[in-house]
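> mind looking at a prediction? Sequence and model below.
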Amino acid sequence: MDQNRAPLLETLEQYRRLDRYGSPHLGTDKGGTDQRVLDALGREPFHNDVLATSGLDDRRSSNGNPADAERLMADAVGADYAFFSTCGSSLSVKAAMMAVAGNDPGGLLLSRDSHKSIVSGLVFAGITPRWITPQ
């Protein structure tokens with residue numbers, strides 16, 4: 001595999017050239033992005049926010065870019081598969097918890113200072129916590 005390729009970055013560059021996301025699309029349920037946000041940040045940060053509207057995380061309309069990137073990642077680290085999460089870190093934490101202890105074979109060993117997404121993951125997946133006190 002050509003490890004010099006970067007499918008997601010290449011797509012971002014293409015979106016940029018085509019001006020696919022030429023204006024902010026956040027807060028569209030309230031008529032668009034607040035002008036004060038634009039005044040403070042400008043439009044530039046929003047040009048790379050391509051995940052919210054059928055962007056790189058939409059496997060049906062992304063021309064296979066996430067799958068290509070995942071295959072490259074798996075190859076780079078010697079894994080059979082690699083999966084990227086596009087739903088935020090909290091969902092990624094929950095997915096990892098379910099992958100490790102989804103059937104709750106004795107619960108999951110967790111630090112008492114874990115992120116709050118851990119607690120919601122326990123509830124969501126029905127996993128029994130085995131709490132330890134951090135040092």
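Cool, the structure landed.
> hey, where'd the strands end up in the chain?
108-111, 129-132 (DSSP state E).
> all helices for the protein, in order.
Listed in chain order, the helices of the chain (DSSP state H) span 7-18, 35-41, 65-77, 89-101, 116-125.
> and the shortest one, average pLDDT?
Meaning helix 35-41. For helix 35-41, the mean per-residue pLDDT is 84.
> buried stuff in it?
Going by neighbour count (16 or more other C-beta atoms under 10 Å), nothing in helix 35-41 comes out as buried. For every residue, glycine as well, the C-beta is placed using N, CA and C.
> excluding sequence neighbours, find me the nearest residue to Met98.
Nearest residue to Met98, sequence neighbours excluded (C-beta to C-beta, 6 or more residues apart in numbering): Ala125, at 4.9 Å.
> for the one you found, give me its contacts.
Under the criterion of C-beta atoms under 8 Å, 6 or more residues apart in numbering, the neighbours of Ala125 are 94, 97-98, 101-102, 104.
> next, the buried residues of the helix or strand of the chain with the lowest mean pLDDT.
Least confident helix or strand, the chain: helix 7-18 with a mean of 80, by mean pLDDT, DSSP states H and E. Residues of helix 7-18 classed as buried: 7-8, 11-12, 15 (neighbour count, 16+ other C-beta under 10 Å).
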